[in-house]
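Asker: sequence below, structure please.
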Amino acid sequence: MGKLLKQQRRGKGSVSYKAPSHRYNAITAFRPLDAIEKEGSVRGAVMEFMDDPSHQTLLMHIHFANGDDIMLPAPEGIAVGDEVYSGFEAELEKGSVMPLSKIPDGMFIFNVEQSPGDGGKFVRAPGTYAVLVSKEAGKAYVKMPSKKVVSLQATCRAQVGIVCGGGRLELPMLKAGANFYKKHAQNRKWPVNRGVKMSAYNHPYGGKQHHRGRSSCTSRGASPGRKVGHIAAKSTGRKKSKNA
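Answerer: Coordinates of the predicted model:
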């Protein structure tokens with residue numbers, strides 16, 4: 001009897017394939033949307049930076065004057081001891097948390113909220129930034145790194161600046177061991193091998209030198225051990241040109 005497919009083993013949720021959250025150090029989120037955030041602002045200072053396995057960018061530990069402590073993605077150019085503000089009346093400084101209605105048009109922003117109070121959802125990858133295009137009638141239009149312009153509530157908050165760590169992927173891995181430890185930090189799926197390169201008991205496509213004479217399409221009602229390839233595909237391969 002053959003072995004389970006890798007996606008089947010991962011789907012069961014065993015300890016071997018779960019994310020190692022016990023090694024994660026911090027949860028990033030803005031301050032709660034309380035009276036301080038809505039009516040004024042609070043001043044904080046960057047205490048230290050943290051390289052957390054659960055995040056691809058550096059995190060900064062901010063201690064506010066009212067005693068609150070939070071972790072946020074660090075922007076480019078910030079240093080330990082720099083002041084950071086949070087609130088609707090916050091000052092325009094690197095890393096400050098402000099509503100989109102208070103940020104000037106054309107400003108680079110990151111860690112943007114999807115809805116007011118959710119703590120930041122968009123634009124968090126190293127080296128990325130969004131651009132606040134315009135504001136109109138309680139809506140703010142933000143140009144994402146994908147060049148798509150999305151409409152958000154003007155009361156959604158965001159950080160000012162560009163996420164630090166740009167160019168992280170430009171350095172080559174040089175050897176497979178470096179990539180192994182990179183993926184191991186978050187238990188990502190790696191390596192990803194082709195089915196035709198596996199043995200017959202590992203994969204339905206395995207056990208032969210070349211993948212010839214067999215379609216990669218699979219019916220929707222196939223058994224779990226056979227459900228690989230193009231599942232219930234309407235068509236495969238290159239599309240025919242309209243002029244043909």
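Asker: rest of the way, CA atoms for contacts and neighbours
Answerer: Fine.
Asker: now tell me what touches the helix ranked longest in the chain from outside.
Answerer: Assignment by DSSP state H gives helix 176-184 as the longest helix of the chain. Outside of helix 176-184, the residues within contact range by CA atoms under 8 Å, 6 or more residues apart in numbering are 173, 189, 190.
Asker: before we move on, what about stretch 83-96?
Answerer: So stretch 83-96 is contacted by 31, 36-46, 62, 74-75, 77-78, 97-99, 102-103, 159-161 (CA under 8 Å, 6+ apart).
Asker: which SSE is immediately downstream of the longest helix of the chain?
Answerer: Following helix 176-184 in sequence order, the next helix or strand is strand 217-218 (DSSP states H and E).
Asker: from the contact counts, what lies against that next one?
Answerer: strand 230-231 (3 or more CA pairs under 8 Å, 6 or more residues apart in numbering; DSSP states H and E).
Asker: listing partners with orientation, what would you give for the strand it packs on?
Answerer: strand 217-218 (parallel) (DSSP bridges).
Asker: mind checking how far the partner strand is from the chain centre?
Answerer: 31 Å (CA atoms, centre = their mean, to the nearest Å).
Asker: okay if I get the contacts of helix 176-184 as JSON lines plus neighbour count, pLDDT and distance to residue 129?
Answerer: Shown next, in JSON lines, are the contacts of helix 176-184 (neighbours: other CA atoms under 10 Å; pLDDT from 0 to 100; distance: CA to CA, whole Å):
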{"residue": "173", "neighbour count": "12", "pLDDT": "93", "distance to residue 129": "25"}
{"residue": "189", "neighbour count": "12", "pLDDT": "87", "distance to residue 129": "27"}
{"residue": "190", "neighbour count": "11", "pLDDT": "89", "distance to residue 129": "28"}
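Asker: let's have the residues you listed in TSV, adding distance to residue 155.
Answerer: Converted to TSV, these look like this (distance: CA to CA, whole Å):
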residue	distance to residue 155
173	42
189	38
190	40
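Asker: ok, so of the residues you listed, who is nearest residue 232?
Answerer: Within those, proximity to residue 232 (CA to CA) peaks at residue 189, which comes in at 24.3 Å.
Asker: quick check: closest non-adjacent residue to the closest one.
Answerer: Taking CA to CA, 6 or more residues apart in numbering, and ignoring the residues beside it in sequence, residue 189 has residue 183 as its nearest neighbour in space, at 7.4 Å.
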